[in-house]
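K.L.:
Give me a model of this one.
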Amino acid sequence: MTSTILNTAQVGPDDILRCDDSRPAEPNIFLSGGKDIPDDLRVQRVGEFADRVKLSVQNRYEHFEETPEVRTVDGRPLRVYGWIYRTYMAE
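P.N.:
Prediction:
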């Protein structure tokens, strides 16, 4: 099983969604489910697809697992990762 960590500092359209200094890279996954996850964090870009992704949100990690679903967002087909659980960062 492979896993990828997504940090919220990387998710803004002017931050992680850039493959170089001039143009944004296209998102390729959609994070479905879970509570208190801002909508603007649900569309993400991963370099390599993994079985699971972990999104850093404030003091916690939201864990998602790949599903067979594909969701079209803004005309782009995105692989869907469904929420499975939440863990909190140690202080």
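
K.L.:
other SSEs contacting the helix or strand residue 68 falls within?
P.N.:
Taking DSSP states H and E as the definition, residue 68 sits inside strand 60-73. Other elements packing on strand 60-73 under the criterion 3 or more Cβ pairs under 8 Å, 6 or more residues apart in numbering; DSSP states H and E are strand 29-32, strand 52-57, strand 76-88. All C-beta atoms are positioned from the backbone trio N, CA, C, and that covers glycine.

K.L.:
can we see that at 6 Å?
P.N.:
Packing contacts for strand 60-73, counted by 3 or more Cβ pairs under 6 Å, 6 or more residues apart in numbering; DSSP states H and E, involve strand 52-57, strand 76-88.

K.L.:
Now the first one: buried residues?
P.N.:
To tie it back to what came earlier, the one meant is strand 52-57. Using 16 or more other Cβ atoms under 10 Å as the test for burial, strand 52-57 gives 53, 55, 56, 57.

K.L.:
so it versus strand 60-73, what angle?
P.N.:
Interaxial angle, strand 52-57 versus strand 60-73 (axes from the mean of the first three to the mean of the last three Cα atoms, to 10 degrees): 110 degrees.

K.L.:
What strands flank strand 52-57, and is each parallel or antiparallel?
P.N.:
Here strand 52-57 is paired, per DSSP bridges, with strand 3-7 (parallel), strand 60-73 (antiparallel).

K.L.:
ranking those by mean pLDDT, which is last?
P.N.:
Ranked by mean pLDDT, those end with strand 3-7 at the bottom, a mean of 70.

K.L.:
sorry, back to before: hey, least reliable of the helices and strands packed on strand 60-73 by pLDDT?
P.N.:
Out of those, strand 52-57 stands lowest, with a mean of 92 (criterion: mean pLDDT).
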